[in-house]
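[1] Got a predicted structure here, sequence first:
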Amino acid sequence: MLVVPALAGLALLLLPMAGLAWRAPWGRLPGLLTADHVLTALRLSLTTATLATVLALIMGIPVAWMLARDNVRGRGVLRGLVTVPLVLPPVVGGIALLVAFGRRGVVGGWLEQTFGINVPFTTVAVIMAQTFVAMPFLIIAVEGALRGADSRYDQIAASLGASPWTTFRRVTLPSVAPSVVAGAILCWARALGEFGATITFAGSLPGTTRTLPLEAYAAIGAGDTDTALVLSVIMVAVCVTVLVALRDRWVRAL
Amino acid sequence: MTGLAASVVVERGSFILDAELRVQPGEVVALLGPNGAGKSTLLAALAGLHRPVRGLVKLGDTVLDEPASGVHVPLRDRQVGLVVQDYLLFPRMSAVENVAFGLRARGVARAMARERAREWLGRMDVAEHERRPRQLSGGQAQRVALARALIVEPALLLLDEPLAALDAGTRPRVRAELRRHLAAYGGCTLVVTHDPLEAMVLGERIVVLENGRVAQAGTPAEVARHPRTDYVARLVGLNLLRGNATGKAARIADGLTVTLAHEVHGPVHVTFPPAAVTLSPRRPDGSARNAWSGTVEDLEVHGDLVRVSVGGPVPLLADVTPLAVAELGLAPGTPVWASVKATEVSAYPR
């Protein structure tokens, strides 16, 4: 009795991807891939996703460290809030970013008046949107690992005269390195695929904010199915590569 | 030099530790006790991980803990070295990096720290400098952990069951080496163990902790000869009774007395080895003999002998030959008379 719905489920998950592979214009692939606008989008995607991951590492690891500590008040609520972007529709994330950092936003208005900086519809906005959506993956992976780390190592390090910072840098962080790597890869893959928050907060400006997913959407809109298919194939390939590289590791880290 | 002088009351839920402890510089004290006696709690308190609610902990001239005045020095500033049961070598560092860690944390340059670490590993007879902890044997890991703790010259070294993680085959050798290394260290050393042999070999003095209190303290010979609690008596293989002596006899219960070989007065501990006990089916004759009736409760093979637990008004252990067990037909429930010569009985003031 379970086989029929299972097969239906598998078909729903796998058929679209098989369809992509089937319909992809493999013969025209080299030409389409090297088209200027595709290369530009690819370059922009790789740059912004990588910078978003770096940002997530710089800010996310300390957040994870804070959440893993028992003596931080309101930790449960904070953890809940931090993980909201995981399930929030990305469009809502984009609207929220616009409200905060938009020209008339709370922070955005101040930025514009004080420094003349305008965030929305720039490459910076792309990176911010990606970080917003992808950082929770890293935070959750690292927090889980930190929580599982043996705190007695910290005591040994302290008895040897190490400051909390030295202990974190030389003992704690190396011990959770596999989870940091897994979290970062997952974060990067999520950033690379970011669409909703980006198009809302950063728009779709060729060369500045039009990343791969946005380029694929634009191509479909313009009736250029072949380009859309090629871009889709690239992104599927990236996702599969990431998941194979991590295999069951990221599931355990989460 | 005053060494460690600690008098602490620590509360952990419903468990209360109330213990006093002194360790001279250069002295090795073994803290012995059954599971749950509070050994680890005391160790954690000395390390600064549990704050005492009352008392005073002084190391040299420095006050480490004084709840009355709010003084509490954190672990990092205590000059206390830790060696724990599973050693906890930093898994992603080599042996040398582990040992050099304390010096690096104190700002010693990398090359210099590694040089000093190599010297220490040499002193500890560890040649595998670049190996990761998981590639080291238990004995090597223990020596690396010891070198890591000692390189920063702590005033107090705390070892928590340092031999428990080793297999029985290597334990005697590592124990002897550990004794040698501890003898070379000039600071105060406290070794926590539940193994009486370990306490006797490593400790110049033994402190017995039971139910959160110091039950007995003394040199290994004193503790072994004159146990003051049932736990210690069992550990060193002696029967222990308590009574009141008036000359050459001690009253141990209503209507029961023990004949002694020497004169003693007042409250006493009375001990005799299980091998000195003779079991017989009828009351034995002889004036210098102590004899009590009882019932066999349990039999256990102990080397070449059988250790018989005898219950009754005077519960005791008797070591007899398997032949005697067969001849007397001993089994749980068998009534027997247990007798001990007065000359085998030792009595000392409580």
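    Sure, I can see it.

[2] C-alpha from now on. contacts and neighbour counts both.
    Fine.

[3] Which parts of the stretch 101-250 of chain B are helices?
    Ranges of helices within the stretch 101-250 of chain B are B:110-123, B:138-150, B:171-183, B:196-202, B:220-225, B:230-236, based on DSSP state H, counting those that start in this stretch.

[4] Figure out which of those is closest to residue A:161.
    For those, the distance to residue A:161 is smallest for helix B:138-150, at 10.5 Å, taking Cα to Cα.

[5] Wait, residue B:110 touches residue B:101, no?
    No. Under the criterion of Cα atoms under 8 Å, residue B:110 makes no contact with residue B:101, lying 9.5 Å away.

[6] Which one's more surrounded, these two?
    Taking neighbours as other Cα atoms under 10 Å in any protein chain shown, residue B:110 and residue B:101 compare with residue B:101 leading, 28 against 13.

[7] The more buried one reaches residue A:160, doesn't it?
    Yes. Residue B:101 is within contact range of residue A:160, at 7.4 Å (criterion: Cα under 8 Å).

[8] What parts of the stretch 51-200 of chain A come near chain B?
    For the stretch 51-200 of chain A, the contact set with chain B under Cα under 8 Å from any Cα of the partner chain comprises A:152-153, A:155-163, A:166, A:171, A:174-175.

[9] What's the PyMOL line that selects buried ones from those residues?
    In PyMOL, this line selects whichever of those come out buried by 16 or more other Cα atoms under 10 Å in any protein chain shown:
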select buried, chain A and resi 153+155+156+157+158+159+160+161+162+163+171+174+175
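
[10] In strands only, show me the residues of the stretch 51-200 of chain A next to chain B.
    With strands taken from DSSP state E, there is no overlap with those.

[11] what's the closest of the residues of the stretch 51-200 of chain A next to chain B to residue B:311?
    Using Cα to Cα, those come closest to residue B:311 at residue A:152, 45.6 Å.

[12] check which helix or strand covers the residue lying closest to that closest one once chain neighbours are set aside.
    Of all residues not flanking residue A:152 in the chain, residue B:88 sits nearest, at 7.8 Å (Cα to Cα, 6 or more residues apart in numbering or on different chains). Counting by DSSP states H and E, no helix or strand carries residue B:88.

[13] How about residue A:97?
    helix A:90-101.

[14] Give me the buried positions along that helix.
    Applying 16+ other Cα under 10 Å to helix A:90-101 flags A:90, A:91, A:93, A:94, A:95, A:96, A:97, A:98, A:99, A:101 as buried.

[15] Also stretch B:338-349?
    So, applying 16+ other Cα under 10 Å, buried residues of stretch B:338-349: B:338, B:339, B:340, B:341, B:342, B:345, B:346, B:347, B:348, B:349.

[16] quick check, residue A:41 in a helix?
    Yes. According to DSSP: H, G, I helix; E, B strand; the rest coil, residue A:41 belongs to a helix.

[17] Might you specify the subset of the buried residues of stretch B:338-349 located within strands?
    Taking DSSP E as the definition of strands, the buried residues of stretch B:338-349 contribute B:338, B:339, B:340, B:341, B:346, B:347, B:348, B:349.

[18] The fourth one bridge partners, please.
    Spelled out, it's residue B:341. Beta-bridge partners for residue B:341, by DSSP bridges, are residue B:289.

[19] nearest residue to residue B:219 other than its sequence neighbours?
    Closest residue to residue B:219 apart from its sequence neighbours, by Cα to Cα, 6+ apart: residue B:205 at 4.4 Å.

[20] Now do the one you found against residue B:172, distance only.
    As judged by Cα to Cα, to the nearest Å, residue B:205 and residue B:172 stand 20 Å apart.

[21] could you point out where chain B is predicted with low confidence?
    B:1, B:286-288 (pLDDT under 70).

[22] ok, 80 please
    Residue ranges of chain B with pLDDT under 80: B:1, B:253-255, B:285-289, B:302, B:350.
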